[in-house]
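Engineer: What shape does this take:
(one chain, ligands or ions: 1)
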Amino acid sequence: MTAFVFNEINFDDHEQVVFASEAKSGLKAIIAVHNTNLGPAMGGCRMWNYADEAEAVRDVLRLSRGMTYKNAVAGLPIGGGKSVIIGNPKTDKTPALFEALGEALERLGGRYVTAEDVGTSPADMANVASKTKYVAGLGDRGDPSPYTALGCFVGAQAAVKHHFKRDSFDGLTVALQGLGHVGYDYARQLKEAGAKLIVTDIDQAALKRAQEELGAEVVAIDAIYDVQADIYAPCALGATLNPDTLSRLKAKIVAGGANNQLATPEMGEICRQKGILYAPDFVINAGGIIKVCYEYLNTPEDGMVAHVRRIGETLAEVFARADAEGLPTSVIADRIAEAKFKK
Ligand code: NAD
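Structural biologist: From the prediction side, this is the model:
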């Protein structure tokens, strides 16, 4: 028999992987607790029409591991976990489905705390919350995206300081992909700081708004990789740093909010060789989880914005160490995380 979990490429000593099902609601979910050395595992619940169960297992293993690294580098007292529900978020959602997930989380006794993610909404999380208190980022507490955008902005400032040896964005051009919850707010802050914007999106209304409000220049979806820019800001899709795009990008800094920007880990080294300063995604986009974590733990919020702003200091440390050690920024960021969460 082929063992498909322990041999799976994304399996990384996960503490616990739970398969949760309930016949009445049709729930089929997988909950992965990657590491709880720093505190209860926290990470969102994704609902997706996975091609098969193996794909769902791969995804939850990969995503939960990523949360451990993100939460550790952000200096949060939480570990990393994630859950996935197998199903079509457009057609298969019912309150009972999310209540059944809540019951499964309750059985885990707080080792894993869930939140909204791709395919799930604040309303779904309210149904989870009817059965368990182990859920964060409920709708009434506000959208984390502005804090993710703020983290991206201070991260870009740190990158500009490191690479261009200056504090201002005046005269710098940013090629920004994806004007959604994170991207638009980030674009606004860049504009206010003096940057020129070149943007793309599949949403025509978002493009029109950016043209009118931010004076942004609009380019076609694929053209964003070819424009003359100083900073590339991916805020839509993953895997946009790949051999094709890295041979085209003119930017010397990559600083954006998207998750999983490197198509493969080797892309970090290619960035280094090309002299592109890459702000590791899980460091720069941690503003949202910082906000959600403060809320969940009822930590007084006065320190929260300062905590998000420290993303800039963390990145300055990543960049300096990467230079000193001749290693990709992505490797240094992993090492900083591992030093915090590995016992
Ligand atoms: P969103 O759905 O609000 O925005 C995504 C935007 O990208 C939309 O405007 C969409 O039209 C656009 N888009 C989709 N495909 C595109 C393409 N091929 N080319 C250009 N644009 C395209 O999502 P968001 O909440 O702003 O998140 C953006 C990214 O940041 C995602 O990768 C997400 O995982 C990551 N992220 C978000 C948060 C958060 O707090 N929202 C936190 C951490 C990471």
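Engineer: Going by C-alpha atoms from here, please, whenever you check contacts or count neighbours.
Structural biologist: Will do.
Engineer: Can you show me the strands along this protein?
Structural biologist: If you assign secondary structure with DSSP state E, the strands in the chain sit at 16-22, 27-35, 41-42, 45-48, 79-86, 112-113, 173-177, 196-200, 217-218, 231-234, 253-254, 277-278.
Engineer: Need those in JSON lines (columns: mean neighbour count, mean pLDDT and distance to residue 144).
Structural biologist: Conversion of the strands of the chain to JSON lines gives the following (neighbours: other CA atoms under 10 Å; pLDDT from 0 to 100; distance: least, CA to CA, whole Å):
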{"stretch": "strand 16-22", "mean neighbour count": "15", "mean pLDDT": "97", "distance to residue 144": "27"}
{"stretch": "strand 27-35", "mean neighbour count": "26", "mean pLDDT": "98", "distance to residue 144": "23"}
{"stretch": "strand 41-42", "mean neighbour count": "30", "mean pLDDT": "98", "distance to residue 144": "15"}
{"stretch": "strand 45-48", "mean neighbour count": "24", "mean pLDDT": "96", "distance to residue 144": "15"}
{"stretch": "strand 79-86", "mean neighbour count": "29", "mean pLDDT": "98", "distance to residue 144": "17"}
{"stretch": "strand 112-113", "mean neighbour count": "28", "mean pLDDT": "98", "distance to residue 144": "16"}
{"stretch": "strand 173-177", "mean neighbour count": "27", "mean pLDDT": "98", "distance to residue 144": "19"}
{"stretch": "strand 196-200", "mean neighbour count": "25", "mean pLDDT": "98", "distance to residue 144": "23"}
{"stretch": "strand 217-218", "mean neighbour count": "18", "mean pLDDT": "98", "distance to residue 144": "27"}
{"stretch": "strand 231-234", "mean neighbour count": "26", "mean pLDDT": "98", "distance to residue 144": "18"}
{"stretch": "strand 253-254", "mean neighbour count": "24", "mean pLDDT": "98", "distance to residue 144": "22"}
{"stretch": "strand 277-278", "mean neighbour count": "26", "mean pLDDT": "98", "distance to residue 144": "23"}
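Engineer: would you turn those into CSV with distance to residue 302?
Structural biologist: Written out in CSV, the entries for these read as follows (distance: least, CA to CA, whole Å):
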stretch, distance to residue 302
strand 16-22, 35
strand 27-35, 28
strand 41-42, 22
strand 45-48, 28
strand 79-86, 23
strand 112-113, 23
strand 173-177, 31
strand 196-200, 32
strand 217-218, 37
strand 231-234, 29
strand 253-254, 30
strand 277-278, 30
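Engineer: could you redo these as CSV and give each row distance to the ligand?
Structural biologist: Supplementary listing: those in CSV, determined by distance: least, CA to the nearest ligand atom, whole Å:
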stretch, distance to the ligand
strand 16-22, 23
strand 27-35, 18
strand 41-42, 13
strand 45-48, 11
strand 79-86, 13
strand 112-113, 16
strand 173-177, 5
strand 196-200, 5
strand 217-218, 11
strand 231-234, 8
strand 253-254, 14
strand 277-278, 16
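Engineer: Which parts of this protein are helices?
Structural biologist: Per DSSP state H, the chain has helices spanning 53-73, 95-107, 122-129, 145-164, 181-192, 204-214, 243-248, 266-274, 281-284, 287-296, 304-325, 329-341. These are given in chain order.
Engineer: Who are the packing partners of the second one?
Structural biologist: The contact analysis (3 or more CA pairs under 8 Å, 6 or more residues apart in numbering; DSSP states H and E) places helix 95-107 against strand 16-22, strand 27-35, helix 122-129.
Engineer: Single out the most deeply packed of the helices of the chain.
Structural biologist: Comparing the helices of the chain on average neighbours per residue, with mean count of other CA atoms under 10 Å, the densest one is helix 281-284 at a mean of 26.
Engineer: So for residue 235, which of the helices of the chain sits nearest?
Structural biologist: In this view, the helices of the chain are compared for proximity to residue 235 by CA to CA, and helix 181-192 is the closest at 5.3 Å.
Engineer: average pLDDT for that closest one?
Structural biologist: For helix 181-192, mean pLDDT is 97.
Engineer: Can you tell me what sits against that helix?
Structural biologist: Counting by CA atoms under 8 Å, 6 or more residues apart in numbering, the neighbours of helix 181-192 from elsewhere in the structure are 145-146, 148-150, 152-153, 169, 176-179, 196-197, 210, 214, 235-236, 257.
Engineer: again, 7 Å this time
Structural biologist: With CA atoms under 7 Å, 6 or more residues apart in numbering as the contact definition, helix 181-192 has outside contacts at 145-146, 148-150, 152-153, 214, 235, 257.
Engineer: do the same with stretch 331-343
Structural biologist: Contacts to stretch 331-343, defined as CA under 7 Å, 6+ apart, come from residues 37-38, 69, 72-73, 280, 318, 321-322.
Engineer: can you give me phi and psi for the closest residue to residue 225 other than its chain neighbours?
Structural biologist: When the adjacent residues along the chain are set aside, residue 225 lies closest to residue 249, with 5.2 Å between them (CA to CA, 6 or more residues apart in numbering). Note on residue 249: backbone dihedrals following degrees, to the nearest 10 are phi -60, psi 140.
Engineer: Give me the neighbour count for residue 249.
Structural biologist: Residue 249 sits with 22 neighbouring residues when counted by other CA atoms under 10 Å.
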